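[1] Next come a sequence and a model predicted from it.
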Amino acid sequence: MEVTYGTRQHWDRVASTCSTQETHASAHMLDSMLNAVGSIEGKHCLDIGTGMGALPIALIERGAAHALGIDVTPVGIARAEQHALDTLGPIRSDACTFREADAEHLTLETASCDIITCLKTIWCLPQPQACLAEWYRVLTPGGRLTVQIYGPQRECPLLTLAPRILSVFDGNSTMPRGYYGPFEISWSVLQTWLQEQGLRDIQFHEYAIEVPVHSSEQYWQIMRSIAMSAYHTYTRLRVDHHAALEAAWDRWAERIADVDGTVRLGLTWLVAIADKPL
Ligand SMILES: C[S@@+](CC[C@H](N)C(=O)[O-])C[C@H]1O[C@@H](n2cnc3c(N)ncnc32)[C@H](O)[C@@H]1O
């Protein structure tokens with residue numbers, strides 16, 4: 001049965017095929033968020049759209065007093081809880097909690113979080129501006145918001161190849177109308193939204209990587225770590241179209257591979273840092 005993009009059922013399904021394993025690309029993105037949060041010793045952190053909980057777990061490992069990950073999917077929340085337990089152990093994982101919640105309607109007290117993070121998620125939200133207003137509400141005065149977005153589409157072939165391959169098999173692999181999509185929230189759009197909320201000292205840090213990919217299998221494992229919905233679509237299609245999906249990769253690889261047969265695919269992203277005035 002098809003489910004509509006963005007519904008809880010959709011994200012439940014995506015969470016069931018996510019991995020807790022990082023790839024080079026996802027680990028680099030995680031690090032860029034950790035660089036952006038600044039000093040976290042003793043602080044209360046909130047991660048929006050936490051997925052498998054990698055960011056709150058890393059924040060606890062680096063000294064945060066408490067990290068809460070919220071997400072719409074109960075399937076994902078259960079997996080994130082287990083991931084925290086496995087990584088941090090039973091005592092430290094008490095400081096890393098997860099809760100089912102909508103990014104736009106947080107059941108948290110006003111001015112209760114020192115740091116809010118949002119990685120690979122803002123374009124998945126139907127009303128990002130309303131979400132930013134809600135995040136501003138729960139941020140403490142002097143608190144910090146960090147939000148990741150992608151660079152221009154032309155600089156992100158690592159990401160754009162997946163929908164191209166999937167669209168050959170599944171006409172529905174693009175995001176539905178009403179969502180911004182991963183390349184539609186540019187730094188200038190995000191900067192305006194952050195300013196409109198009253199956030200100050202807004203900075204953008206830029207990152208660029210080039211990822212060597214040696215096989216179709218490796219490519220889809222990278223997608224599993226950075227483009228979970230696309231990977232989920234791939235897993236559904238793989239059941240019926242395994243050989244054809246491999247052939248689709250081979251066709252692309254032939255066109256763009258180096259002389260040694262390695263495909264190198266670029267990815268750029270930005271991390272916005274914005275502080276709530278005291
Ligand atoms: C692409 S995943 C990113 C997960 C994680 N931040 C990471 O970096 O791996 C987007 C996440 O946003 C969650 N999500 C989607 N809509 C949401 C909403 N309205 N409120 C909270 N979480 C949401 C999804 O369930 C999913 O876990």
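    Cool, the structure landed. Residues are numbered from 1 along each chain as shown.
[2] For the stretch 51-200 of the chain, which residues are neighbours of the ligand?
    Contact residues, the stretch 51-200 of the chain versus the ligand (CB under 6 Å from any ligand atom): 51, 54, 70-73, 76, 102-103, 119-121, 124-125. For the C-beta atoms, the positions are set from N, CA and C on the backbone; glycine is no exception.
[3] now for these, which pair is the farthest apart?
    Across those, the longest distance by CB to CB is 20.7 Å; it joins Ala54 and Asp102.
[4] check contacts around the closest residue to the ligand within the stretch 51-200 of the chain.
    In the stretch 51-200 of the chain, no residue comes nearer to the ligand than Gly51, which is 2.7 Å away by CB to the nearest ligand atom. Contact partners of Gly51, counting by CB atoms under 8 Å, 6 or more residues apart in numbering, are Ala15, Cys18, Asp71, Gly76, Ala80, Lys120, Thr121, Met228.
[5] could the residues you listed be laid out in JSON lines, adding secondary structure?
    As requested, those are arranged in JSON lines below (DSSP: H, G, I helix; E, B strand; the rest coil):
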{"residue": "Ala15", "secondary structure": "helix"}
{"residue": "Cys18", "secondary structure": "coil"}
{"residue": "Asp71", "secondary structure": "strand"}
{"residue": "Gly76", "secondary structure": "helix"}
{"residue": "Ala80", "secondary structure": "helix"}
{"residue": "Lys120", "secondary structure": "coil"}
{"residue": "Thr121", "secondary structure": "coil"}
{"residue": "Met228", "secondary structure": "helix"}
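[6] Ile165: which of those residues is nearest?
    Met228 (16.0 Å).
[7] thought that closest one was touching Arg13?
    No - contact criterion CB atoms under 8 Å: Met228 and Arg13 do not qualify, at 10.1 Å.
[8] Those two: which is more packed in?
    Shown here are Met228 and Arg13; by other CB atoms under 10 Å, Met228 has more neighbours (21 against 18).
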